[in-house]
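Undergrad: Generate coordinates for the sequence data below:
(2 chains)
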2 protein chains.
Amino acid sequence: GNICCQFPIDLFFKEMKSNKHMTRKVIHSIKVGVALVFVSLLYLLDPLYKQVGENAMWAIMTVVVVFEFFAGATLSKGINRGIGTVLGGGLGCLAAIFAQAVGGVRKAIIVGITVFIFGAAATYTRQVPNVKKKFDYGAMIFILTFSLVVVSGLRAEQVLEIARDRLSTIAMGFAICLFISLLVFPIWASDELHDSLVARFEDLAVSLEGFSKEYFGNVNEKEKSSFNFSSKCKSVLHSKTKDESLVNFASWEPWHAKFGFCYPWGIYLKLGEDLRDLATTILSLKGCLKSPTQPSESNTCRQPVKEPCEAIVASLAWTLRELGESIKKMKKCGSEDTILPKLKTVRQDLSQIPGPSTFGTNDLERTDGLGLATFMYSMVEMVEKMEELAKHVEQLGQRGETVEEAKEIEIEMGYLPKQAAVMIGLLLLCSNVISVPDTRVM
Amino acid sequence: GNICCQFPIDLFFKEMKSNKHMTRKVIHSIKVGVALVFVSLLYLLDPLYKQVGENAMWAIMTVVVVFEFFAGATLSKGINRGIGTVLGGGLGCLAAIFAQAVGGVRKAIIVGITVFIFGAAATYTRQVPNVKKKFDYGAMIFILTFSLVVVSGLRAEQVLEIARDRLSTIAMGFAICLFISLLVFPIWASDELHDSLVARFEDLAVSLEGFSKEYFGNVNEKEKSSFNFSSKCKSVLHSKTKDESLVNFASWEPWHAKFGFCYPWGIYLKLGEDLRDLATTILSLKGCLKSPTQPSESNTCRQPVKEPCEAIVASLAWTLRELGESIKKMKKCGSEDTILPKLKTVRQDLSQIPGPSTFGTNDLERTDGLGLATFMYSMVEMVEKMEELAKHVEQLGQRGETVEEAKEIEIEMGYLPKQAAVMIGLLLLCSNVISVPDTRVM
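TA: This next block holds a predicted model:
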């Protein structure tokens, strides 16, 4: 086991000093280990093994395959697996019974044909974008269960029993996953989505400030900040895929303390889109930096507008931080009172800065003039985009407030009972599931 | 089966008229159906079933899980599954034998501890970015196989035989997948990557032309083209994740006719990055369109530069198409002879266009002036980026040419023999694998 062990241990100590991400990864790994040990008890303890027998295999398989990093992902995969198994098993039983009724050589032919038709149709369905996004795994499990049940229906006589036994062990595995994933140090996709969105506001503010420092400042700090500013913008720009999957997972996490039921995750997608637009604008500023570095006298163009521009950049960064903060605290940002007036002031300030006047014949001066014009124009655009952004944040705040009220009611009614109810539900699921093979034995 | 059937059939007829994508999806679905029927023969035919028995289940499972849309993805997943199974099975056997040697109650404790340690360690490894990208599935299968083998080693006496039988049925399933995925109407990730890259050049050229038409043209065509131009740019902008996975799959497709061995897929990533940079610039132009639509007299600023700007945009679009074409045909683009000089001319033309002179006190005029400056400055930037792009395309052309030469030699030596060799190899794999349980029976 040296390959598999040295590798993570090495990285483990490297990252150990640092961050929250690391801790979460370790917690997740330990949780998976614990879930595996629990599910192994089906084999290890004689009384349990007598009930489930070789089917315990399916419980182990379920734990390995279904246990994901985020609680929502585990839930989504488990439910997918459940639905896929039930549907596939049910249809498979019907097909197997039909084939058995026909009998003879035609039996095998019918089985072959149904496997082909259902396999191909379900595979096609898997490729439909909407199905692919949410139910890809379920469709795969459908194909798997259907084929297994139909085909083994030819040999085994008690198809129904096989299907029921496997289903009950799969449910056991899923129950263990749910229990450990949701109730022991849960890692919520909704938290991750929320935090990453808030962090992006800060990233954009830092990028914008970094850009202006570099544009008006001295050359010394150049390399470092330039690298940071564009890499942060790019990570914001490429956040789309991650956002979509997190929103998908978050929507599976209904009983999460902080967000409550029906939290408007769709608005997060909108906000993400707004931030990406903003990142595009900031990133396109990168071009303005390049051209006129060599002749330090070409500052003639930039220096006169340095102070007003820096003030505007500071205001824009302040706005971004304020919006991010209001999302972080999940309260109304009061955009009508503070943010929108501030942006209006910025707009006025912008129109009072004198435009670049030097479009001389000198190529460098001309380019720098165009660059400055681009910078100023981008600021105008950013103001517009931030007004849009503020509106969406306001929407979220309003929806958040209703959630807040709902939560207060909930707290009055007691939050603990809810968690307890979920827990009791899970325990019931476990016991129910374990009792299924029991009835069979009896 | 009405839910599962009506759904795809409906969509089937909707998309039927149109495109290549559709055909590929149908072909893939049929291939999966055929593979399932083939693997079902292990159950359906008595002589085969006598050899493999219940283990045929593992072959079906392998086909369902491993058969992916792209040939490279199937190969990658299959090899991952193979490695994961062998490693997990091997280590599992060792651990089981060790536990059996200890015996007694401690046996169960040792099994529990090893399952925990290996499960947690492998789960941690799965989260290391580089492992996640290429070997996530393999690590999962490792955990699965390890747990199953260790735990069932407690009950079954012949762990080694179980492991060997399962491995051989998995290999059978994989062989069927490979055979059908690679040799019957293969769908190559490398083709998809190549085509999508070429298409993006065209998309950007169209966007750029659409923008200039809208900027200088009449208002009528506005809505339609504006929508197209930014949506196409955005799809280019968000191509990163798809590119990375396609490059990963393409690198698993060594014996692909068109590209040959060791094709420089890394350069595709670079080109993708360049195109995304360019898309950022084009997308940031969107802002220039908005401001001055209402007063149609504000064209005072734009009309004087209309003709030279349109000529430049045409040159830039031509360059993009030329570069795309040279990638499509996989030959040197001759950038030193035609494209770089062309870009140089464009640069000169650009510096001869008079800069916008009106930064009047009128807010609208001023904004439009800044917008025009931004447009011109963006064109300067685009020229720079295209020079960079041309260099990378040139690199690809050079590498492509060596591949070309290699391929000519290959053709001289005969291409068919290579395909035949692969085919014979696969058949050998099949027969070898089938003979493994055979020896056990005897």
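Undergrad: Could you grab the helix/strand/coil label for residue A:185?
TA: Following DSSP: H, G, I helix; E, B strand; the rest coil, the label given to residue A:185 is coil.
Undergrad: what's around the residue nearest to it when sequence neighbours are not counted, how many residues?
TA: Leaving aside its sequence neighbours, residue A:185 sits nearest to residue A:27 (C-beta to C-beta, 6 or more residues apart in numbering or on different chains; 5.2 Å). (Glycine included, C-beta is placed from N, CA and C.) Residues lying near residue A:27 (other C-beta atoms under 10 Å in any protein chain shown) number 15.
Undergrad: shouldn't residue A:27 be in contact with residue A:186?
TA: No: counting by C-beta atoms under 8 Å, residue A:27 sits too far from residue A:186 to count as a contact (9.7 Å).
Undergrad: Residues in contact with stretch A:203-211: which ones?
TA: Defining contact as C-beta atoms under 8 Å, 6 or more residues apart in numbering or on different chains, one finds that stretch A:203-211 is touched by A:225-226, A:228-230, A:232-233, A:235-236, A:275, A:278-279, A:282, A:285-286, A:289, A:313-314, A:316-318, A:320-321, A:324, A:382.
Undergrad: Just the ones of these in helices?
TA: Among the contacts of stretch A:203-211, the residues falling in helices (DSSP state H) are A:225-226, A:228-230, A:232-233, A:235-236, A:275, A:278-279, A:282, A:286, A:289, A:313-314, A:316-318, A:320-321, A:324, A:382.
Undergrad: Report the buried members of the contacts of stretch A:203-211.
TA: Among the contacts of stretch A:203-211, those classed as buried by 16 or more other C-beta atoms under 10 Å in any protein chain shown are A:225-226, A:229-230, A:232-233, A:236, A:275, A:278-279, A:282, A:285-286, A:289, A:313, A:316-317, A:320, A:324, A:382.
Undergrad: Of these, which fall within the contact range of chain B?
TA: Subset of the buried ones among the contacts of stretch A:203-211 in contact with chain B: empty, counting by C-beta under 8 Å from any C-beta of the partner chain.
Undergrad: where's residue A:74, which helix or strand?
TA: Using DSSP states H and E, residue A:74 sits in helix A:71-102.
Undergrad: mind listing what's buried in that helix?
TA: A:71-89, A:91-96, A:99.
Undergrad: before we move on, the earlier item: could you measure from the residue nearest to residue A:185 over to residue B:381?
TA: In this view, residue A:27 and residue B:381 are 46 Å apart by C-beta to C-beta, to the nearest Å.
Undergrad: Show the low-confidence segments of the stretch 1-150 of chain A, by residue range.
TA: Within the stretch 1-150 of chain A, the stretches with pLDDT under 70 are A:1-18.
Undergrad: which residues does the nearest residue to residue A:32 once chain neighbours are set aside contact?
TA: If you skip the residues right next to it in sequence, residue A:32 has residue B:123 as its closest partner in space, 4.3 Å away by C-beta to C-beta, 6+ apart. Residue B:123 sits next to A:28, A:29, A:32, A:33, B:139, B:143 when contact means C-beta under 8 Å, 6+ apart.
Undergrad: Top of those residues by number of neighbours, please.
TA: Counting neighbours by other C-beta under 10 Å, residue B:143 leads these with 28 neighbours.
Undergrad: one step back: name the helix or strand for the residue nearest to residue A:185, please.
TA: Take DSSP H and E as the rule and residue A:27 turns out to sit in helix A:20-44.
Undergrad: What is the nearest of the contacts of residue B:123 to residue A:171?
TA: Using C-beta to C-beta, residue A:32 comes nearest to residue A:171 of the contacts of residue B:123, at 19.0 Å.
Undergrad: now residue A:97: how far from residue B:88?
TA: 37 Å.
Undergrad: Next: residue A:328.
TA: Applying C-beta to C-beta, the value for residue A:328 to residue B:88 is 43 Å.
Undergrad: Next: residue A:275.
TA: 42 Å.
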